[in-house]
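Peer 1: What follows is a predicted protein model with its sequence.
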Amino acid sequence: MRTKLILKLFVIILISSCGGGSGNDSSQSPINQMPPSGISPNQKGTLDGYLQHNGIRREFILYVPQSYNQSNPTSVIFNFHGFGSNAFEQMNYGDFRNLADENGFIIAHPQGTTTYGNGPHWNNWNGDGGTSNQDDIGFIDALISLLQTLYNIDDQRVYSTGMSNGGFFSYHLACNLGARIAAVASVTGTMSPQTYSSCSPTRPISVMQMHGLQDSVVPFLGFPSLGLSQTDLMEFWAAHNNCNSQPDISLVDDLAPNDGSTGVKTSYINCDKGTSVEFFLFDGAGHTWPGTGNKAGSNSVNMDIDGVTEIYNFFKKNVLNP
């Protein structure tokens, strides 16, 4: 009996030393199989994620609807908050979640950083020391790559939208990451002088702009230290996309006559590679997102359109055409 017991112990030790048991093989650990993002592959719901970029932890909120089907490539909409806001507020302010539920796409709400004593924001000043020194372009580039490892992402349908500074940054992405962004839509944003002076997209890219004529934060006429006028902004993208020089202009149906606001839509058509440039201007509206039902200061919100629906429909028409 003693000899048999010793023999059994020897066999157990031999198997363990050869890796036959669970041992310390960390490659088999469920914890180590979790990607460095806090999110499991194809996980659904409202998810808090993160990644390490340039030595700092960068965070984002992901919304993956129950209608997401991992068997089908899906689109992603990046939704960027404004200066001093955050990912959670933007998720609720420019809210695409109902549309995501209906159509199965994913929404990413990245979180900006606080530098130089400023509130959370996006660096579309090229790190010149004005308000930020963060590599936000690199962060979003890395985040797109991360999402492609977690979900079945259609890399021809990655889009960017945002409010105010988030709109500025969407144009910054179009200029500097246009090879991965199919189209952008800005609400109350424009292009900073630094973005404009260095903008040389490698391809035509569709853009949509929504702006209130009474916007006192990002004025319609612009000013040198902040950014382009809305007219110069649209003309820049129409020229870049080689659209017809004369746009189509139409009135927005006044579906909410009590909102104190009316709208005009300007469309530049026949652009290269099927791209387009669209501009909604709302008289009586300020620094606000159309259709939200919220107000900022004394300015009205235009309620004739639902901004998120217009943006989503615009994105659906556009794919990345290198």
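Peer 2: Good, I have the coordinates.

Peer 1: burial of Asn124, as a residue count?
Peer 2: 28 (other CB atoms under 10 Å). C-beta coordinates here come from the backbone N, C-alpha and C atoms, glycine included.

Peer 1: Then Thr46?
Peer 2: 14.

Peer 1: Relative to Glu59, how far out is it?
Peer 2: Thr46 is 14 Å from Glu59, where distance means CB to CB, to the nearest Å.

Peer 1: Give me the common contacts of the two.
Peer 2: Common contacts of Thr46 and Glu59 (CB atoms under 8 Å, 6 or more residues apart in numbering): none found.

Peer 1: Need the distance between the two termini of stretch 37-52.
Peer 2: 9 Å (CA to CA, to the nearest Å).

Peer 1: Could you find the closest non-adjacent residue to Lys82?
Peer 2: Not Lys; residue 82 is Gly. Closest residue to Gly82 apart from its sequence neighbours, by CB to CB, 6 or more residues apart in numbering: Ser164 at 3.5 Å.

Peer 1: Was I right to think the one you found contacts Phe83?
Peer 2: Yes - shown here, Ser164 and Phe83 form a contact pair, counting by CB atoms under 8 Å, at 6.0 Å.

Peer 1: When these two are compared, which one has more neighbours?
Peer 2: Set Ser164 next to Phe83 and count neighbours by other CB under 10 Å: Ser164 wins out with 27 against 17.

Peer 1: What residues does that one make contact with?
Peer 2: So Ser164 contacts 82-83, 187-189, 217-218, 287 (CB under 8 Å, 6+ apart).

Peer 1: Distance check, it against Ala256.
Peer 2: Ser164 is 23 Å from Ala256, by CB to CB.

Peer 1: ditto for Asn242
Peer 2: Counting by CB to CB - Asn242 and Ala256 are separated by 36 Å.

Peer 1: How far does stretch 260-279 stretch from one end to the other?
Peer 2: 20 Å.

Peer 1: Could you check that stretch and say which residues are buried?
Peer 2: 261-263, 265-268, 271, 275-279 (16 or more other CB atoms under 10 Å).

Peer 1: again, but for stretch 153-173
Peer 2: Across stretch 153-173, burial judged by 16+ other CB under 10 Å covers 153-154, 157-173.

Peer 1: just to revisit the earlier point, where strands are concerned, which of the contacts of Ser164 count?
Peer 2: Cross-referencing the contacts of Ser164 against strands under DSSP state E gives Val187.

Peer 1: So what sits opposite the residue positioned nearest the centre of the chain in the bridge?
Peer 2: For the chain, Phe78 is the residue whose C-alpha lies nearest the centre (CA atoms, centre = their mean; 1.8 Å). Note on Phe78: beta-bridge partners Ala108, Ser160, judged by DSSP bridges.

Peer 1: coming back round to it: ok, so of the buried residues of stretch 260-279, who is nearest Pro41?
Peer 2: Taking CB to CB as the measure, Pro41 sits nearest to Thr275 out of the buried residues of stretch 260-279, at 33.2 Å.
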